[in-house]
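>>> sequence-free structure coming up:
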């Protein structure tokens, strides 16, 4: 009987492992600025978002536990009004492992500064790709935003392993934009609201003007970083070529959402990689990067 029980438990654990979800997301909700609200509400919010992201099946592919995409979400609640209505910022980060190394490379890093949603301690997290707005626009705005970033992370992860491998998930993200909730204080989904928001992120990922970006992204990761352990010079050259191609994209599309996302995600990594080259070799790249990414110009100047 004991052997049978052990066998059943083993098979159950094996089944759970074989059917693991895609995301392994750690969520933190900061509610220090919110007065007259029980801390249990923030705990429930944190737990609900974590379960929504980590237990939902986002793709038709099977993931092993160690294949799940590592990500973190930090939600800073900045205000509360009306009936359980919150204003917040949301910082989303994700990474993927580099082949044959202990290094994880960042694939997504974005600060969403305009998020308004409704949440109560007993709220449920429901989302349907075919009915994004749900029955309560403000409540649905939270799940729609979380689903949007889940698809963006998946798109960039798949793109890093196969050229244009993430297109399906960028399309799903764009579907959320097209059918996004509308209402008082809801923003981030419209082209006219900002030049670097959810609308532009999805639009540019699918716009033919940025086809080269996907080539750069794939080469950077699969032919660049993943080669560093076996063919370091070839891998490094792919990354350097990518910087040059980025300069052309930036010249044709200055201050684009895609370029801002790229440098928010990769500026640290670029700096570390360039530091491995001689001053003479990296000088032209430092100049290019300072033009493309003025927000991090001081970081690049340390390489001069």
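Received, thanks. Because the structure is predicted, anything quoted here is derived from the model rather than measured. Numbering: from 1, shown residues only.

>>> for the rest of this, base every contact and every neighbour count on C-alpha atoms.
OK.

>>> next, give phi and psi for residue 109.
phi -150, psi 110 (degrees, to the nearest 10).

>>> now the one 5 residues further on
When quoted as degrees, to the nearest 10, the phi and psi of residue 114 stand at phi -130, psi 90.

>>> what sits against it?
By CA atoms under 8 Å, 6 or more residues apart in numbering, residue 114 lies in contact with 87-89, 187-188.

>>> pLDDT score for it?
Per-residue confidence (pLDDT) for residue 114: 92.

>>> measure it to residue 50 for me?
Distance of residue 114 to residue 50, given as CA to CA, to the nearest Å: 20 Å.

>>> ditto for residue 200
In terms of CA to CA, residue 200 sits 26 Å off from residue 50.

>>> which of these two has more neighbours?
Higher neighbour count among residue 200 and residue 50: residue 200, with 23 against 19, using other CA atoms under 10 Å.

>>> secondary structure element for the more buried one?
Assigned by DSSP states H and E, residue 200 belongs to helix 198-206.

>>> for the stretch 1-150 of the chain, which segments are assigned as helices?
Listed in chain order, the helices found in the stretch 1-150 of the chain under DSSP state H, counting those that start in this stretch are 2-18, 39-55, 137-161.

>>> I'd like the ones you listed as a markdown table, with mean pLDDT appended.
Listed next are the helices of the stretch 1-150 of the chain as a markdown table, based on pLDDT from 0 to 100:
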| stretch | mean pLDDT |
| --- | --- |
| helix 2-18 | 40 |
| helix 39-55 | 97 |
| helix 137-161 | 97 |
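
>>> winner for burial among these?
The highest average neighbour count among the helices of the stretch 1-150 of the chain, using mean count of other CA atoms under 10 Å, belongs to helix 137-161 at a mean of 23.

>>> mind giving me the packing neighbours of the helix or strand just after that one?
Scanning forward in sequence from helix 137-161 by DSSP H and E, the next helix or strand is helix 167-178. Under the contact criterion of 3 or more CA pairs under 8 Å, 6 or more residues apart in numbering; DSSP states H and E, helix 167-178 touches helix 137-161, helix 198-206.

>>> among those, which is nearest residue 122?
Relative to residue 122, the nearest member of these by CA to CA is helix 137-161, separated by 12.1 Å.

>>> same for the closest one, what does it pack against?
Packed next to helix 137-161, using 3+ CA pairs under 8 Å, 6+ apart, are helix 39-55, strand 85-97, strand 104-118, helix 167-178, helix 211-218.

>>> need the contact list for the closest residue to residue 164 other than its chain neighbours.
Ranked by CA to CA, 6 or more residues apart in numbering and with sequence neighbours excluded, the top spatial neighbour of residue 164 is residue 214, at 6.2 Å. By CA under 8 Å, 6+ apart, residue 214 lies in contact with 159, 163-164.

>>> now the helices of the stretch 1-150 of the chain as CSV including distance to residue 251?
Listed next are these as CSV, based on distance: least, CA to CA, whole Å:
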stretch, distance to residue 251
helix 2-18, 46
helix 39-55, 37
helix 137-161, 23
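
>>> what comes into contact with the helix holding residue 200?
152, 167, 170-171, 173-174, 177, 188-191, 210, 257-258.

>>> ok, and what's touching stretch 141-160?
With CA under 8 Å, 6+ apart, stretch 141-160 has contacts from 53, 58, 92, 94, 96, 107-108, 115-118, 125-127, 132-133, 164-170, 172-173, 176-177, 180-181, 186, 202, 214, 217-222.

>>> same check, this time on stretch 249-269
Contacts for stretch 249-269 (CA under 8 Å, 6+ apart): 105-110, 195-197, 200-201, 204-205, 210, 212-213, 292-293, 296.

>>> who's in contact with residue 113?
So residue 113 contacts 88-90 (CA under 8 Å, 6+ apart).

>>> ok, those vs residue 238, which is closest?
residue 90 (32.7 Å).

>>> what bridges to that closest one?
Per DSSP bridges, the residues bridged to residue 90 are residue 75, residue 112.

>>> so where's the stretch 101-250 of the chain uncertain?
Low-confidence segments of the stretch 101-250 of the chain (pLDDT under 70): none present.

>>> count of residues packed around residue 230?
Residue crowding around residue 230 was assessed by other CA under 10 Å; the count is 11.

>>> phi and psi next, for it.
Main-chain dihedrals, residue 230, degrees, to the nearest 10: phi -110, psi -40.

>>> again with the one 10 residues further on
Main-chain torsions, residue 240, degrees, to the nearest 10: phi -60, psi -40.

>>> mind listing what residue 21 touches?
Contacts of residue 21 (CA under 8 Å, 6+ apart): 54-58, 62-63, 65, 68.

>>> can you pull the pLDDT of it?
On the pLDDT scale, residue 21 gets 90.

>>> residues in a beta bridge with the closest residue to residue 24 other than its chain neighbours, which ones?
Nearest residue to residue 24, sequence neighbours excluded (CA to CA, 6+ apart): residue 70, at 5.0 Å. Following DSSP bridges, residue 70 is listed with bridge partners residue 24, residue 95.
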